[in-house]
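# Next input, structure requested:
(one chain, ligands or ions: 1)
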Amino acid sequence: MNEMSSAGSPELQANLAKLEGYLARFREDGVGHFINGARAEAAKRFDVASPIDNQPFCKADEGSADDIDQAAQAAAEAFAGWKATPGAERREILHAIADAVVANAEEIALLESFDTGQPLRFMQKAALRGAENFRFFADKAPEANNGLSTPSDSQINFTVRQPIGPVGVITPWNTPFMLSTWKVAPALAAGCTVVHKPAEWSPVTASRLVEIMHEAGLPAGVCNTVHGMGEVAGKALTEHPLIKAIAFVGESATGSAIMRQGSETLKRVHFELGGKNPVVVFADADLERALDAAVFMIYSLNGERCTSSSRVLIERSIYDEFSAKLAERAAKVRLGHPLDPATELGPLIHPRHLEKVTSYFEVAKSDGASIKTGGKMAAPAPSPGNYVEATLFGDANQSMRIANEEIFGPVLTAIPFEDEAEALHIANAVPYGLAGYVWTNDSARALRMAQNIDAGMIWVNSENVRHLPTPFGGMKASGIGRDGGDYSFDFYMETKNIALATGAHKVPKLGA
Ligand code: NAD
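Here you go, the predicted structure:
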């Protein structure tokens, strides 16, 4: 059974008191659309609940195709002005947004933690990472239009980059604030205007983000937020003719739907999708550090993390000892109220997601795997919400569903392997290819594994440490395209080649 963080700690009580202050306006006015620089009214609203108790605490606007149309019109009207705004000015505005995010970091972290169930200890950093995303892309804004010079004998060729136009951003519920900034910041730095459709299960901090951006000086219409259901508001956004591209983070199946929906209007798409990421532990690794990293990468952020190490592949000679240590550590992960700073594992986002995650406990048994720890709801739970124990499945093999399907919870599947060839085979035997983690002190082997694992990102002897200039994204069912550094601008911008003749090269004379 997982350890509990203490139910009534003074820090938790203090955080709950502060949270009430920040929540009051949402309880009263709800979570609203923000279109053309102002709150917009919606005809319908839906209930927003916290995973801490699944009780509705406010209403949110439920966007219709008409609401999306208004937002797309606003983004289209604002586009010419924002595109023409000098890069240096865009940089200043994005830095002002970063400053404002930092100034509001406590509010964002508390609201995010309450709305998603993610432990506050991680959400504090997520708010600050959101600010960092704005700062990083702010500094890139002045040179976003810079291209490449490719001269030929008769012509000077050079490319310029131009923002593609108004873009749609669709984000998931797991770390909504940080992920929203990860898409919106490069789009704005590139000179695009935005219509954002946040996830319906955790809409609160996205509505703070758009307000903060405007308070910091973003012109009206440059970023517009419409809340609501994916199948209605999200779909309308992907089909809207004024929207030139869709940056989407979410499930692979939703990515397929978006591709179909956007095909009529030839949308450019950028997809960050699911994962079933391996952490491969060889016997010669620094096993203490490998253990820390494997535990961190699956049980942090409630396991609701696309880059989580949801499969641990362990060399047979250390399998028993290493998996026993994993089980011991997993059992000690502190489960509790997400606003308690001591909590390491909070409640899962929604009863429907809870049902999905817990269904794998039966799947594991019928697959023939063992449950080394966890495998049940937390009892006693810190509150009536969606709490499950940190879970480790053992003695699994790659043919099992628990080794192939994205569970997206605090659930790790341990699989033994005999040698490097088998480790590589298992690592690649899934439909996904987002991230891979390799632990070994043999540098040649580390390089071979890093080159041959089919994933967009590999970390050797490390957990996931983000560095913003590097490309972020996945292969196979994990995504299309890369974000980060200049890669983001490849998506949000069009590259145009301009050729100038340097002399009187021969022009064919037809009809002469
Ligand atoms: P989801 O696909 O259910 O929803 C994501 C967003 O898409 C939501 O805003 C939703 O309303 C919208 N949506 C749903 N159907 C739509 C449609 N037909 N048209 C347009 N929009 C639609 O995903 P989720 O459950 O919110 O998030 C969890 C998933 O996100 C996991 O698979 C996880 O791996 C993935 N994820 C990936 C990354 C990454 O960087 N690769 C990061 C975080 C999360």
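
# shaky segments in the stretch 251-400 of the chain?
Of all residues in the stretch 251-400 of the chain, none has pLDDT under 70.

# Show me which residues of it are close to the ligand?
When proximity is defined by CB under 6 Å from any ligand atom, the stretch 251-400 of the chain lies next to the ligand at Glu251, Thr254, Ala257, Ile258, Gln261, Glu272, Leu273, Gly274, Gly275, Cys306. All C-beta spots, glycine's among them, are computed from the backbone N, C-alpha and C.

# what's the closest of those to Leu94?
Glu272 (21.2 Å; CB to CB).

# beta partners for the closest one?
Beta bridges link Glu272 to Val249, Gly479, judged by DSSP bridges.

# tell me the contacts of it?
Phe248, Val249, Gly250, Cys306, Phe472, Gly473, Gly474, Ser478, Gly479, Asp483 (CB atoms under 8 Å, 6 or more residues apart in numbering).

# Is the ligand within reach of the helix or strand Leu110 falls within?
Following DSSP states H and E, one finds Leu110 within helix 105-116. No - remark: helix 105-116 sits outside contact range of the ligand, by CB under 6 Å from any ligand atom, the gap being at least 10.7 Å.

# Which SSE is immediately downstream of that helix?
helix 120-140.

# how many neighbours does Ile68 have?
29 (other CB atoms under 10 Å).

# In space, what's closest to the one residue in the stretch 301-450 of the chain that gets nearest to the ligand - neighbours in sequence excluded?
Proximity of the stretch 301-450 of the chain to the ligand (CB to the nearest ligand atom) peaks at Cys306, 3.0 Å away. Of all residues not flanking Cys306 in the chain, Gly275 sits nearest, at 5.1 Å (CB to CB, 6 or more residues apart in numbering).

# How many residues are close by the one you found?
When counting by other CB under 10 Å, one arrives at 30 neighbours for Gly275.

# dump the residue contacts of it.
Here Gly275 is in contact with Cys306, Thr307, Ser308, Ser310, Glu406, Tyr432, Gly433, Leu434, Ala435, Gly474, Ser478 (CB under 8 Å, 6+ apart).

# tell me what the helix holding Leu110 is packed against?
helix 10-29, helix 120-140, helix 176-190, helix 204-215 (3 or more CB pairs under 8 Å, 6 or more residues apart in numbering; DSSP states H and E).

# Find the nearest non-adjacent residue to Ala42, please.
Closest to Ala42 by CB to CB, 6+ apart is Asp61, at 3.5 Å.

# Quick check: that neighbour touching Gly32?
Yes - applying CB atoms under 8 Å, one finds Asp61 in contact with Gly32, separated by 5.2 Å.

# got any residues that touch both of those two?
Joint contacts of Asp61 and Gly32 (CB under 8 Å, 6+ apart) are Ala40, Glu41, Ala42, His227.

# Report the buried members of those residues.
Buried members of those, counted by 16 or more other CB atoms under 10 Å: Ala40, Ala42, His227.

# and which of the residues you listed is nearest the ligand?
Using CB to the nearest ligand atom, His227 comes nearest to the ligand of these, at 9.3 Å.

# Let me see the ranges of the strands in the stretch 251-400 of the chain.
268-272, 278-281, 311-315, 370-373, 391-394 (DSSP state E, counting those that start in this stretch).

# want to throw those strands into a markdown table with distance to Phe134?
Converted to a markdown table, the strands of the stretch 251-400 of the chain look like this (distance: least, CB to CB, whole Å):
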| stretch | distance to Phe134 |
| --- | --- |
| strand 268-272 | 19 |
| strand 278-281 | 31 |
| strand 311-315 | 34 |
| strand 370-373 | 40 |
| strand 391-394 | 36 |
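
# burial of Gln13, as a residue count?
12.

# what's the pLDDT at it?
As predicted, Gln13 sits at a pLDDT of 96.

# How about the contacts made by it?
By CB under 8 Å, 6+ apart, Gln13 has no neighbours at all.

# and with 10 Å instead?
Leu339, Asp340 (CB atoms under 10 Å, 6 or more residues apart in numbering).

# do you know how far it is from Lys197?
Gln13 sits 36 Å away from Lys197, going by CB to CB, to the nearest Å.

# Over to Gly374?
Here Gly374 is placed at a distance of 34 Å from Lys197 (CB to CB).

# May I have the secondary structure class of Ile436?
That one is not Ile; residue 436 is Gly. strand (DSSP: H, G, I helix; E, B strand; the rest coil).

# got the contact list for it?
So Gly436 contacts 275, 277-280, 307, 309, 311, 313, 424, 427-428, 449-450, 452-460 (CB under 10 Å, 6+ apart).

# Filter those residues down to just the buried residues.
275, 277-280, 307, 309, 311, 313, 424, 427-428, 449, 453-460.

# of the helices and strands packed on helix 105-116, which approaches the ligand most closely?
Closest among those, using CB to the nearest ligand atom: helix 176-190, at 6.0 Å.

# what residues are up against Glu420?
Glu420 touches Val280, Phe282, Glu315, Thr440, Asp442, Arg445, Arg448, Met449, Asn452, counting by CB under 10 Å, 6+ apart.

# go again using 6 Å as the cut-off
Applying CB atoms under 6 Å, 6 or more residues apart in numbering to Glu420 gives no contacts.

# again with Val31
Counting by CB under 6 Å, 6+ apart, Val31 has contacts Ala60, Pro203, Val204, Ser207.

# In a markdown table: those, plus pLDDT and distance to the ligand.
A markdown table is the format used below for these (pLDDT from 0 to 100; distance: CB to the nearest ligand atom, whole Å):
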| residue | pLDDT | distance to the ligand |
| --- | --- | --- |
| Ala60 | 98 | 12 |
| Pro203 | 98 | 9 |
| Val204 | 98 | 14 |
| Ser207 | 97 | 13 |
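
# Which one of those residues is nearest to Ala126?
Nearest to Ala126 among the contacts of Val31, counting by CB to CB, is Val204 at 13.6 Å.

# ok, now how distant is the closest residue in space to the closest one that isn't next to it in sequence from Leu16?
Sequence neighbours aside, Asp115 is the residue nearest to Val204 in space, at 4.5 Å (criterion: CB to CB, 6+ apart). Using CB to CB, Asp115 is found at 14 Å from Leu16.

# Compare those two (neighbour count), which wins?
Asp115 (31 against 15).

# Give me the subset of the buried ones among the contacts of Gly436 that lies in helices.
Cross-referencing these against helices under DSSP state H gives Leu424, Ala427, Asn428, Met449.

# so which two of the residues you listed are the farthest from each other?
Asn428 and Met449 (10.5 Å).

# so what's the residue sitting nearest the centre point of the chain closest to, chain neighbours aside?
Nearest residue to the geometric centre of the chain (CA atoms, centre = their mean): Leu179, 4.6 Å. Leaving aside its sequence neighbours, Leu179 sits nearest to Thr171 (CB to CB, 6+ apart; 4.9 Å).

# got a pLDDT number for the one you found?
98.

# Which strand or helix spans Thr159?
Short version, using DSSP H and E: Thr159 is in strand 155-163.

# Next, report how far that strand is displaced from the centre of its chain.
From the chain centre to the centre of strand 155-163 is a distance of 32 Å (CA atoms, centre = their mean, to the nearest Å).

# contacting residues for the nearest residue to Pro198 once chain neighbours are set aside?
Spatial nearest neighbour of Pro198, chain neighbours left out: Ala206 (3.5 Å); criterion: CB to CB, 6+ apart. Residues near Ala206 by CB under 6 Å, 6+ apart: Pro176, Ser180, Pro198.

# how about JSON lines for the residues you listed, with distance to Ile156, pLDDT and neighbour count added?
Converted to JSON lines, the contacts of Ala206 look like this (distance: CB to CB, whole Å; pLDDT from 0 to 100; neighbours: other CB atoms under 10 Å):
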{"residue": "Pro176", "distance to Ile156": "46", "pLDDT": "98", "neighbour count": "26"}
{"residue": "Ser180", "distance to Ile156": "41", "pLDDT": "98", "neighbour count": "26"}
{"residue": "Pro198", "distance to Ile156": "45", "pLDDT": "98", "neighbour count": "30"}
